[in-house]
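Enquirer: have a look at this prediction, sequence included:
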Amino acid sequence: MFEKVIFNNLIFNEEYGRKVIPFLKNEYFQNNDDKIIFTLIDDYVKKYNSFPTKEALYIDLSNKDNVSESVFQKCKENIDNLNKEFDTKMEWLLDETEKFCQEKALYNSIMESISILDDKTGKKSKGSIPQILTDALSVSFDSSIGHDFIEDYDKRYDFYHKKDVRIEFDLDYFNEITKGGLPKKTLNVIIAGTGVGKSLALCHFASANLMSGLNVLYITMEMAEEKISERIDANLLDVSLEELSTLPKSSYEKKINRLKEKTKGKLIVKEYPTACAGSSHFRHLINELKIKKNFIPDIIYIDYLNICMSTRIKQGNGINSYTYIKSIAEELRGLAVECNVPIVSATQVNRSGYSDSDFGLENTSESFGLPATVDMMFALISTEELESMNQIMVKQLKNRYSDPGVCRRFVLGIDRSKMRLYNAESSAQNDIINSEQEDMDYVSKKTSNKDKYKKAFG
C-alpha cells in the first residue's frame with residue numbers, strides 16, 4: 001500500500017514531508033488506522049513545525065481518546081513497521097504522491113456525487129456535481145510560495161519579454177490603447193447613457209470575436225436571447241434590423257451557411273432574468289457548456305453589470321449600492337481570473353452624466369467602487385453633431401494596459417441599423433481635441449463647479 005510509503009517518508013524524510021504535507025488530507029486515507037496515524041502526524045506538524053519521531057507517535061497515540069483496543073493495537077503495529085527508505089528518488093516520490101492524492105480526490109468526489117443523486121430530500125443540489133468533479137480533477141502539487149526577487153531574476157526577465165496572449169479588436173484605436181487587445185483574467189467595462197450604444201458595442205465586439213475564430217459567451221440580463229442574436233445577425237450578415245424581418249428563409253440560410261464557412265468559433269447567447277443571476281450562476285453555466293457542448297469560452301460578455309446579483313451579499317438589509325455593485329464587480333473579475341478569460345460588461349452613467357457630453361469616472365452610476373475594481377473603463381459619448389455624422393466618441397477613463405493619456409479620445413463610425421462600429425477616417429479625428437490643455441480646461445471646469453457647490457451649501 002502506498003500509504004505506508006507516505007508515512008515512512010513523512011517520518012524519516014523531512015524534505016519530502018514539507019513538500020507534500022500541505023496537500024495531503026485525512027479524507028484521502030480509507031482505513032481508520034491510517035486516518036488516525038495521519039491525523040497524529042498532521043497535528044504534530046501544525047503544532048511544532050517539525051515532523052514527529054516514532055516515539056512521539058506512540059505517546060500521542062496513547063493520549064488519544066475514543067480509540068478502541070483493537071484499533072490502538074493496529075495503529076501501534078503500523079507505527080512499529082515504519083522505517084527509513086533508502087535510494088528512493090524524490091521526483092518519483094512526489095509524482096506518485098500527487099497521483100495518490102488525485103485518485104483519492106476523484107474517488108471521493110464520485111462517491112459524493114452519487115450520494116447527491118440518491119438524495120431524495122432535495123437538500124443537495126444536483127447542479128453542484130460538475131463543480132465537485134472539477135475541483136477533484138484540479139488537485140495538483142503547486143510548490144510555488146512566492147517570487148524570490150534575487151534568485152528568480154531569470155524568470156522575471158523572461159516575463160518582461162513574454163508576449164501576452166490577447167483578444168484583438170477589429171478596431172484600430174482599441175488595439176492601440178490596449179497594446180494589442182484585451183489580456184486574459186481582466187474585467188473591462190463600457191459606460192454610457194441609455195440608448196447611446198452599450199449593447200450595440202458589446203454585440204459588435206462579440207461578432208468580431210466570432211469571426212476571428214474565438215468561442216464567445218454572451219450573457220444577457222436585459223434583453224431576450226433572440227433580440228441579442230438579432231443584433232448579431234444584423235452585424236454579421238450585413239443586413240439591417242428592418243430587413244431581417246422581411247428576409248426570405250432561403251436567403252437567410254445561405255447567409256448563415258456562408259458565415260459557418262468563415263469561422264471555426266462558436267457564439268452562445270444565454271438569457272437570465274434581471275437581477276436574478278450572478279457569478280455563481282455564470283460559473284455553473286460555463287461548467288455545463290463544457291460538459292454538454294464541449295464549449296470553453298475565450299471571452300465573456302455580460303449585458304450588463306449593474307443588473308447582475310451578488311453571490312456574497314444579499315441586497316437590502318442596509319446594504320448600500322456602493323458595496324453591492326463593488327461586490328458584483330469583484331466577483332466577475334474573480335470569475336475572469338478563474339476562467340482565464342477577459343470579461344466585458346457595461347454600466348450606466350449617473351443623473352449628472354446624462355446631460356454632460358464629456359463625463360468622467362465620477363459619473364459612474366450607483367457605485368464608485370466599480371471603476372476602482374475594473375482593469376479598463378471607457379465611455380461612449382454621443383451628441384447631436386456626432387449623430388448627424390454617424391459617429392460616436394470613445395473616451396478612456398481607466399486603463400491598466402497603457403497610458404490612458406494616449407488617444408484619450410477618438411471617434412468611431414457607427415451604423416445603428418446594422419449594429420456595427422467601424423474605423424473612422426483619419427480626418428474624423430481632427431475635431432476631437434485630445435491635448436493636455438483641453439484636459440486642463442475640463443478639470444478646471446469641474447473644480448469650478450465644486451467651488452460653486454461649496455459656496456452655496458457650505
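Expert: Looks like it came in fine.
Enquirer: next SSE after the longest strand seen in the chain?
Expert: For the chain, the strand with the greatest residue count under DSSP state E is strand 391-399. Where DSSP states H and E defines the elements, the next helix or strand beyond strand 391-399 is strand 409-415.
Enquirer: what pairs with the helix or strand just after that following strand, parallel or antiparallel?
Expert: As assigned by DSSP H and E, the chain's next helix or strand after strand 409-415 is strand 420-423. Pairing partners of strand 420-423, with direction, according to DSSP bridges: strand 409-415 (antiparallel).
Enquirer: so what does the biggest helix by length in the chain touch, helix or strand wise?
Expert: If you go by DSSP state H, the chain has its longest helix at helix 90-118. Helix 90-118 is packed against helix 2-12, helix 14-20, helix 129-137, with contacts defined by 3 or more C-beta pairs under 8 Å, 6 or more residues apart in numbering; DSSP states H and E. Glycine gets a C-beta too; all of them are placed from N, C-alpha and C.
Enquirer: for Ala329, find the nearest of the ones you listed.
Expert: Ala329 lies closest to helix 129-137 among those, at 22.3 Å (C-beta to C-beta).
Enquirer: partners of the longest strand of the chain, with directions?
Expert: Strand 391-399 is paired, per DSSP bridges, with strand 376-381 (antiparallel), strand 409-415 (antiparallel).
Enquirer: distance from stretch 396-405 to the middle of the chain?
Expert: Mean-position distance between stretch 396-405 and its chain equals 21 Å (C-alpha atoms, centre = their mean, to the nearest Å).
Enquirer: list the buried residues in that stretch.
Expert: Within stretch 396-405, the residues scored as buried using 16 or more other C-beta atoms under 10 Å are Gln396, Leu397, Lys398, Asn399, Tyr401, Pro404.
Enquirer: what mean pLDDT does that stretch get?
Expert: Averaged across stretch 396-405, the pLDDT comes to 92.
Enquirer: ok, now stretch 120-128?
Expert: 73.
Enquirer: again with stretch 78-88
Expert: 86.
Enquirer: repeat that for stretch 305-315.
Expert: 87.
Enquirer: what about the helices in the stretch 251-400 of the chain?
Expert: For the stretch 251-400 of the chain, the helices defined by DSSP state H, counting those that start in this stretch occupy 279-293, 321-339, 351-354, 369-373, 384-388.
Enquirer: could you measure from Ile116 over to Glu103?
Expert: 21 Å (C-beta to C-beta, to the nearest Å).
Enquirer: check Ser382 too.
Expert: Separation of Ser382 from Glu103 (C-beta to C-beta): 59 Å.
Enquirer: ditto for Asn215
Expert: Distance from Asn215 to Glu103, by C-beta to C-beta: 31 Å.
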